[in-house]
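> coordinates only, sequence not included:
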C-alpha cells in the first residue's frame, strides 16, 4: 500500500526496497490503553512486530494475548508480545509513546530511549464544563512531543497518530477513513511513522512539517472530541488536495 | 444544501425557513486580499450580498468590479460592492474579518461591531527558516478570534474559514473538497458561518466547539502550508466519520 505513492502510473524502474514495505519492531509504551492497544493491533495486522509495554509485564502480556486472539492467526501478521516498558524499549528500534499526558515527562525521563525512533501520539488535553481543550505547555511554545525530545536528546522524536480514534482502531474496518499527519525534524524518523500509518489508513502518512507543529496536532484532538459530542460520531480528518500522495 | 442536516430521512414537518437557505449581507473586512476576495466571490455566487471593505473605498470598488465580472451575470448571484471598512460594517449584519494578524487588534478596536455576527478567519502565523508556525497569543491562552471578541464585546465572534486556500476559492471548481470547521460560544452565530460554508464546500460547516478552540484552527494553517510546500499542493482538510452531517 505504500508503493508508488506519487501515483505516477507504472514505474519504469523497480522499487529499491522490493515489493514489501519496510517492517518494524515497535515498542508501544502505554500499550494496554485503548490508543496503544489499537495501534499495536493495526501495526501487527500489517506484519510489524509489536511489543506492548506496561508498568507490569503481566498486564501487558494479558493485553498482548487479547490482541493476538483478535488477529485470529491472520496470514502475515506480526507477533504481539507484552513486557515491561523497559524491556519493550530494549527490544525495539521504534518506540510509540501512547501514554496519558499526566506523568508523561517522568515516564519518558526514566526510559533509555537513546538511538530509538520515538513516535509520540500523546494528547495533552484538559476537560471542563466547556468541553475539551489543549493544555498550555511551556507558555504555548511547547508540546508533549517536544518535551519528549528534550528529555531524550539521544532519541529522534516525531509526532503522529494523535487524531485516530481508538474505537476505529479496534473495529472490524480494514482501514480508517482518515489521514495520519506526521511532524518531526528528521526526514528518516518521519518516514518510519509515514510507513506505519499505512497500517491504519491504507496509505502513507502525510508529512506535516517540523516537530514544533505538534503544538497544533496535539490539541486538534480537542476539536475532534467536540465534533464527536455534537454529532454523536467518531470523527477524523483527511488531508485533501494531495492527489495520490 | 443546509436542509436536513441530521440526515434523518424525510422530515415530517416542513422546514421553518422554507426551501431556500438563509441569505446574508456580509461585510468582508480585508476584502481586497486574496482570502477575503475569494470568500466574497463564493458567498455572492450562492446568493449572499457582499460588501468588500478596505481602508480606501476606491480600491474596494475596483476589486468588487473584478468579482462582479467573474460572477459573469450568474443567475441568483448576490450583489458585490465596495466600500470603506466602516461603511461596509454599517450596512451588514455579518462581518467577515479577513485581515492580516499584523494590525488586527487596532483595526478591530476601531470598528463599530456592536450587534454584528463577526466571523474571524484570521491566521496569526509567523515564518522563519524552519517554515510556518503559529504565533503565540496571550501565552498560549488566546487566539485572534478571542482577541476580536474581547475588543468587540457587543459583537458575537465565531472562528471559521481559516484553512481554505485562496487559490481554490478563486478557481473554477464548483466547490472545494474541504470542510469548514466553525467554533464559537453562540449557537446562532455559529449557524451563520455553518450556512455560509455551504457556499464554499457544498455542504454545511462543521460545528467544532467553543471559541477558545480557535487556538487550534488558526495555527493549523501552518501545518497545511508545510504540507503544500512538501507536496507542491493546495491542501485542505475534511472531517470524516460524520455521515451526512
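On my side now, so go ahead. Being a predicted model, the structure only gives us computed values, none of them experimental. Numbers count the residues shown, from 1 in each chain, chains lettered A, B, ... in the order given.
> Find the centremost residue of chain A, please.
Taking CA atoms, centre = their mean, the centroid of chain A lies closest to residue A:161, which sits 4.1 Å from it.
> how close does that one get to residue A:196?
Computed as CB to CB, to the nearest Å, the residue A:161 to residue A:196 distance reads 8 Å. From N, CA and C alone the C-beta is placed, and that goes for glycine too.
> isn't residue A:154 right next to residue A:111, touching?
No: in this structure, residue A:154 is not within contact of residue A:111 by CB atoms under 8 Å, at 11.5 Å.
> quick one: which of the two has more around it?
A side-by-side neighbour count of residue A:154 and residue A:111, using other CB atoms under 10 Å in any protein chain shown, places residue A:111 first with 23 against 9.
> how near is the more buried one to residue A:206?
For residue A:111, the distance to residue A:206 - CB to CB - is 28 Å.
> What of residue A:238?
For residue A:238, the distance to residue A:206 - CB to CB - is 9 Å.
> Could you do residue A:22 as well?
To residue A:206, residue A:22 is 18 Å away according to CB to CB.
> Give me the more crowded residue out of those two.
Neighbours per residue, other CB under 10 Å: of residue A:22 and residue A:206, the larger number sits with residue A:206, 26 against 13.
> Bridge partners for that one, pull those for me.
Beta-bridge pairing for residue A:206 (DSSP bridges): residue A:181.
> for residue A:80, same thing?
residue A:50.
> Now do the contacts for it.
Applying CB atoms under 8 Å, 6 or more residues apart in numbering or on different chains to residue A:80 gives the contacts A:40, A:41, A:44, A:49, A:50, A:51, A:52, A:64, A:67, A:68, A:71.
> Is the fourth one in contact with residue A:27, as I believe?
What that stands for is residue A:49. No: if you go by CB under 8 Å, residue A:49 and residue A:27 don't touch, sitting 9.7 Å apart.
> Between the two, which contacts overlap?
Common contacts of residue A:49 and residue A:27 (CB under 8 Å, 6+ apart): residue A:92.
> Of those two, which one has the most company?
A count of neighbours by other CB under 10 Å puts residue A:27 above the other of residue A:49 and residue A:27, at 29 against 19.
> hang on, the more buried one is in a helix, isn't it?
No: assignment of residue A:27 by DSSP: H, G, I helix; E, B strand; the rest coil gives strand, placing it outside any helix.
> Show the contacting residues for it.
Residue A:27 makes contacts with A:51, A:53, A:83, A:85, A:88, A:89, A:91, A:92, A:94, A:95, A:96, as judged by CB under 8 Å, 6+ apart.
> If we use 7 Å, what do you get?
Contact analysis of residue A:27 by CB atoms under 7 Å, 6 or more residues apart in numbering or on different chains lists A:51, A:53, A:88, A:89, A:91, A:92, A:95.
> Inside strands: which ones of those residues?
A:51, A:53, A:95 (DSSP state E).
> got a winner among those for most neighbours?
Counting neighbours by other CB under 10 Å, residue A:53 comes out on top of the ones in strands among the contacts of residue A:27 with 33 neighbours.
> Model confidence score at that residue, please.
On pLDDT, residue A:53 comes in at 98.
> so where's chain A shaky on pLDDT?
Within chain A, the ranges that satisfy pLDDT under 70 run A:1-21, A:244-245.
> Let me see the ranges of the helices in it.
Using DSSP state H, the helices of chain A run over A:34-45, A:57-71, A:85-90, A:104-110, A:144-151, A:166-169, A:187-201, A:214-231.
> In CSV, list the ones you listed along with mean neighbour count and distance to chain B.
Converted to CSV, these look like this (neighbours: other CB atoms under 10 Å in any protein chain shown; distance: least, CB to the nearest CB, whole Å):
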stretch, mean neighbour count, distance to chain B
helix A:34-45, 24, 15
helix A:57-71, 17, 22
helix A:85-90, 20, 29
helix A:104-110, 16, 17
helix A:144-151, 23, 12
helix A:166-169, 17, 8
helix A:187-201, 22, 10
helix A:214-231, 24, 3
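> Looking at the ones you listed, spot the one closest to residue B:185.
Closest to residue B:185 of the helices of chain A is helix A:214-231 (CB to CB; 12.2 Å).
> Can you list the buried residues in stretch A:108-126?
Buried residues in stretch A:108-126, defined by neighbour count with 16 or more other CB atoms under 10 Å in any protein chain shown: A:108, A:111, A:113, A:116-125.
> Smallest gap between chain A and chain B, at which residue?
Using CB to the nearest CB, the single residue of chain A nearest to chain B is residue A:140, 2.3 Å away.
> residue contacts, the closest residue to that residue other than its chain neighbours?
In space, and not counting its chain neighbours, residue A:140 is closest to residue B:140: 2.3 Å by CB to CB, 6 or more residues apart in numbering or on different chains. Contacts for residue B:140 (CB under 7 Å, 6+ apart) come out as A:136, A:139, A:140.
> The first one: neighbour count?
Same thing as residue A:136. Neighbour tally, residue A:136, other CB under 10 Å: 19.
> Likewise for the second one?
Using other CB under 10 Å, residue A:139 has 11 neighbouring residues.
> any idea how far it lies from residue B:101?
19 Å.
> same check, this time on the first one
Between residue A:136 and residue B:101 the distance, using CB to CB, works out to 19 Å.
> try the last one
According to CB to CB, residue A:140 stands 15 Å off from residue B:101.
> picking up where we left off before, what sits in contact with each of residue A:238 and residue A:206?
What both residue A:238 and residue A:206 touch, as defined by CB under 7 Å, 6+ apart, is the set residue A:179.
> give me every residue that touches the closest residue to residue A:196 other than its chain neighbours.
Ranked by CB to CB, 6+ apart and with sequence neighbours excluded, the top spatial neighbour of residue A:196 is residue A:43, at 6.0 Å. By CB under 7 Å, 6+ apart, the contact set of residue A:43 is A:26, A:50, A:78, A:196, A:199.
> same check, this time on residue A:144
Going by CB under 7 Å, 6+ apart, residue A:144 touches A:101, A:104, A:120, A:122, A:124, A:218.
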